[in-house]
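Q: coordinates only, no sequence provided:
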């Protein structure tokens with residue numbers, strides 16, 4: 001058994017049985033080990049940003065890490081944008097990055113780079129295996145690091161000779177730290193705030209946005225009169241009929257300030273205090289009003305659900321009925337395409353237990369109200385702001401949950417960053433329906449151009465924000481990657497195509513012309 005095989009067997013022993021890959025020469029012994037050892041599903045991505053985005057989607061839905069296989073420093077660099085997003089989402093991932101053989105590095109061959117230096121800003125744990133006999137133990141340590149709450153990114157660098165040299169054995173799985181409980185002091189302070197006068201917000205994220213956490217928070221809010229809000233962006237929210245509905249802090253600064261303007265107390269439950277996504281001239285960075293008290297009940301790494309159980313018991317809210325959302329679907333619209341009409345159609349037709357991966361940016365901001373009473377579903381968002389996550393996120397989620405329909409809400413500008421994910425969906429026969437909002441501009445950047453106070457933009461500036469001339473043909477692009485595709489220019493056509501996509505298994509794409 002060589003080092004590569006000892007690592008594959010160690011990954012399997014630690015519960016890591018999916019590897020999203022884009023290998024090169026230095027990883028060939030790991031590739032052959034994946035072939036020799038039963039139990040590891042290998043999913044090829046044609047670009048490393050697809051590979052890392054898939055691992056993010058998989059980890060969010062499976063609640064355990066996948067591994068990636070990346071080719072030296074440049075391969076890792078290609079995947080860093082979606083590792084940034086995964087980092088912000090607290091998604092557990094084990095990266096395996098090949099490197100030159102230890103004795104070859106001194107010759108400064110063309111692909112030589114500082115892999116550890118590139119990995120550290122995007123990883124919580126980084127190590128280069130020094131020899132084949134340590135590879136298995138290093139792999140076990142990487143798994144434990146990735147599974148450390150709230151979910152972390154571990155990067156193991158595997159020099160080629162440590163992969164091909166002889167190794168002794170596999171390494172057993174290491175103990176994984178459990179989530180720490182919130183302190184009694186934090187609980188007492190939160191209860192005091194909720195009993196005091198003045199508007200109080202419970203701001204939720206992480207596990208608090210799963211069904212049980214939302215149910216507890218809803219009971220507490222109903223008992224005390226507090227408001228429930230979620231962070232602007234969240235890794236996964238369980239929503240729909242029979243669940244407690246929750247709105248998010250709006251992305252636009254003025255809207256966020258208006259939503260929070262009267263709040264006197266904010267209690268963070270697995271969330272961070274609300275701040276603006278960017279700095280804007282003459283606007284605050286902090287979204288809460290001056291004098292607002294901010295208290296942390298549970299950090300993202302702590303057990304937010306247990307903290308809510310404690311708090312509900314302390315406040316006598318355990319028996320209070322949770323204000324769950326009734327089943328209520330919008331009326332199906334007709335006529336020309338509008339964003340409200342699209343949102344209503346999606347809310348009316350969303351299937352039970354769908355997984356929605358949302359990178360619709362400007363076109364999708366109105367979707368939340370129309371899907372509150374839809375069939376129960378999970379909603380995944382871009383947590384880090386680096387675009388190009390939607391298509392691979394949906395791909396990874398479909399690998400994790402093959403029996404659930406995945407609906408990807410994607411914008412055309414963001415989709416072009418990682419459109420290769422469509423090929424992976426076709427190759428793996430994944431059940432993903434993509435709604436592609438085609439407005440042929442970087443719509444969010446046009447809004448930001450005004451928000452930052454840039455005055456009187458000319459043709460040169462506007463050209464950098466538009467992606468027409470020539471127009472992208474998403475139907476053609478999807479077909480070239482083996483994905484069924486159609487184009488909708490009316491709401492009626494979209495409804496027919498969306499119904500068909502949801503009914504039939506396998507990947508398909510609907511280009512919605514806006």
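A: The structure has been received and is ready for your questions. Remember, predicted model here, so these are calculated numbers, not experimental data.
Q: low pLDDT regions in the protein?
A: For the chain, applying pLDDT under 70 flags the ranges 442-443, 446.
Q: need the outlier residue of it, farthest from its centre.
A: residue 107 (39.5 Å; CA atoms, centre = their mean).
Q: quick one: contacts for residue 401?
A: The neighbours of residue 401, taking CB atoms under 8 Å, 6 or more residues apart in numbering as the test, are 61-62, 355. Using the backbone N, CA and C atoms, a C-beta is placed for each residue, glycine as well.
Q: among those, which lie within helices?
A: Those of the contacts of residue 401 mapping onto helices are 61-62, per DSSP state H.
Q: looking at the contacts of residue 401, which is nearest residue 487?
A: Nearest to residue 487 among those: residue 355, at 24.4 Å, using CB to CB.
Q: now that closest one: how far from residue 407?
A: Separation of residue 355 from residue 407 (CB to CB, to the nearest Å): 7 Å.
Q: joint contacts of those two?
A: What both residue 355 and residue 407 touch, as defined by CB under 8 Å, 6+ apart, is the set residue 394.
Q: as a markdown table, the contacts of residue 401 with distance to residue 13 and neighbour count would be great.
A: Output for the contacts of residue 401, formatted as a markdown table (distance: CB to CB, whole Å; neighbours: other CB atoms under 10 Å):
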| residue | distance to residue 13 | neighbour count |
| --- | --- | --- |
| 61 | 22 | 23 |
| 62 | 17 | 19 |
| 355 | 28 | 25 |
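Q: now the contacts of residue 401 as CSV including distance to residue 432?
A: Output for those, formatted as CSV (distance: CB to CB, whole Å):
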residue, distance to residue 432
61, 13
62, 16
355, 9
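Q: of the contacts of residue 401, which is the nearest to residue 477?
A: Minimum distance to residue 477 across the contacts of residue 401 is 23.1 Å, recorded for residue 355 (CB to CB).
Q: and that closest one, what are its bridge partners?
A: When assigned by DSSP bridges, residue 355 has beta-bridge partners residue 378, residue 406.
Q: list the residues that contact it.
A: Counting by CB under 8 Å, 6+ apart, residue 355 makes contact with 61, 377-378, 380, 394, 397-398, 401, 404-407.
Q: quick one, what contacts residue 58?
A: Taking CB under 8 Å, 6+ apart, we find residue 58 in contact with 18, 20, 66, 396-397, 399-400.
Q: stretch 204-223: which residues count as buried?
A: Within stretch 204-223, the residues that qualify as buried are 204-211, 213-223, counting by 16 or more other CB atoms under 10 Å.
Q: just the residues you listed: which are in strands?
A: Among the buried residues of stretch 204-223, DSSP state E puts residue 204 in strands.
Q: in helices, which of the buried residues of stretch 204-223 fall?
A: 211, 213-223.
Q: partners of the nearest residue to residue 273 once chain neighbours are set aside in the sheet?
A: Nearest in space to residue 273, with sequence neighbours left out and distances taken as CB to CB, 6 or more residues apart in numbering, is residue 294 at 5.2 Å. Listed by DSSP bridges, the beta-bridge partners for residue 294 are residue 266.
Q: count the neighbours of residue 294 for me.
A: Burial of residue 294 is recorded as 16 neighbouring residues (other CB atoms under 10 Å).
Q: which residues touch it?
A: By CB under 8 Å, 6+ apart, the contact set of residue 294 is 265-266, 268, 273, 288.
Q: cool, and residue 160?
A: Residue 160 neighbours (CB under 8 Å, 6+ apart): 25-27, 29, 98-101, 104.
Q: among these, which are in strands?
A: Going by DSSP E, the strands hold 98-99 from the contacts of residue 160.
Q: for the closest residue in space to residue 375 that isn't next to it in sequence, give its distance to residue 235.
A: What sits nearest to residue 375 in space, not counting adjacent residues and going by CB to CB, 6+ apart, is residue 352, at 4.1 Å. Plainly put, residue 352 is 22 Å away from residue 235 if you go by CB to CB.
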